[in-house]
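Asker: kindly return the folded structure for what I paste below:
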Amino acid sequence: MEPSVHEFVKFVEVNKHISTKNEMIAAVSSRFAMARDGRALFHTDSFAVVFCYSKNSAFSNAVLSLSKLEKYDGMPCFVVLVRKNLDNVIYLINTTFLDKISHSSQNLRADNIRGSFLGGNIRKELPEIGKRNIPADFDELFSYHQTFTWQENIERLVENTNNIKSNKAKVVLDDAELRNVFEAPERAVRFVTSADYDACWQTCGAGARR
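Answerer: The predicted model follows:
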């Protein structure tokens, strides 16, 4: 990566105690001549960055759309997560470092780029090369990213995204449970025409009128 990218990463690390996203954006902007592309992404000729904020260690934010990332995937792309009362963190977010596209990704295909990725979709570990998504490994990670084409990464993301399974297990009822379900209307009819229902209504109605 270029020296200006190293300088940027080091600057974020040195300012890891900044506690608001706006303050971090202002600090970085005062040091690096960044242009803004849309609502979330900032870039120079050497790198692109998105700033996010969390009140705790969780990172469930929607980070960036896949179509926006496509424009900058050839350079190092980062997210800086500003965390209240915790040290800030920085991750590489090029397509090699995503596991899937989670947000609004219906109909994602290699020829239909859509959807956004969340903080939880960023790969924090890359066991295939024995590296972590941390500043000390960024040089080797970006070199690794450059061994893949955009198309190769998109095909992997499409496959992973389409394989997302619901966390809710399908409920399977046995014969006795099915009979209970189908007989429920008949039981309700029997109850509302019974002496027990009349007694209950008189008791409950009298209580409601008091």
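Asker: and Arg132, bridged to which residues?
Answerer: When bridges are called by DSSP bridges, Arg132 pairs up with Glu125.
Asker: so how many other residues sit close to it?
Answerer: A total of 14 residues lie near Arg132 under the criterion other CB atoms under 10 Å. For glycine as for every other residue, the C-beta is placed from the backbone atoms N, C-alpha and C.
Asker: so it makes contact with Glu125?
Answerer: Yes: in terms of CB atoms under 8 Å, Arg132 counts as a neighbour of Glu125; the distance is 5.6 Å.
Asker: what residues does stretch 93-100 touch?
Answerer: Residues from elsewhere that reach stretch 93-100 (CB atoms under 8 Å, 6 or more residues apart in numbering): 50, 63-64, 69, 73, 76-79, 91, 117, 121-123, 126, 133, 141-142, 144-145, 148, 150, 153-154, 157, 160-161, 164.
Asker: what subset of those is buried?
Answerer: A residue is treated as buried here by neighbour count (16 or more other CB atoms under 10 Å); on that basis the buried members of those are 50, 63-64, 69, 73, 76-79, 91, 117, 121-123, 126, 133, 141-142, 144-145, 153-154, 157, 161.
Asker: the residues you listed in strands, which ones?
Answerer: In this view, those that belong to strands under DSSP state E are Val50, Val63, Leu64, Cys77, Phe78, Val79, Tyr91, Phe117, Leu126.
Asker: of these, which is the nearest to Ser19?
Answerer: Checking these against Ser19 by CB to CB gives Val79 as the nearest, at 17.2 Å.
Asker: just checking, the closest one touches Phe117?
Answerer: No: under the criterion of CB under 8 Å, Val79 lies out of contact with Phe117, with a separation of 9.7 Å.
Asker: overlap of the contact sets of the two?
Answerer: Taking CB under 8 Å, 6+ apart as the contact rule, Val79 and Phe117 both touch Val63, Leu64, Ile93.
Asker: show me where pLDDT drops low in this protein?
Answerer: 103-106, 164-175, 177-178, 181, 191-192, 196-210 (pLDDT under 70).
Asker: 80 instead?
Answerer: Along the chain, the parts satisfying pLDDT under 80 run over 103-108, 110-112, 163-185, 187-210.
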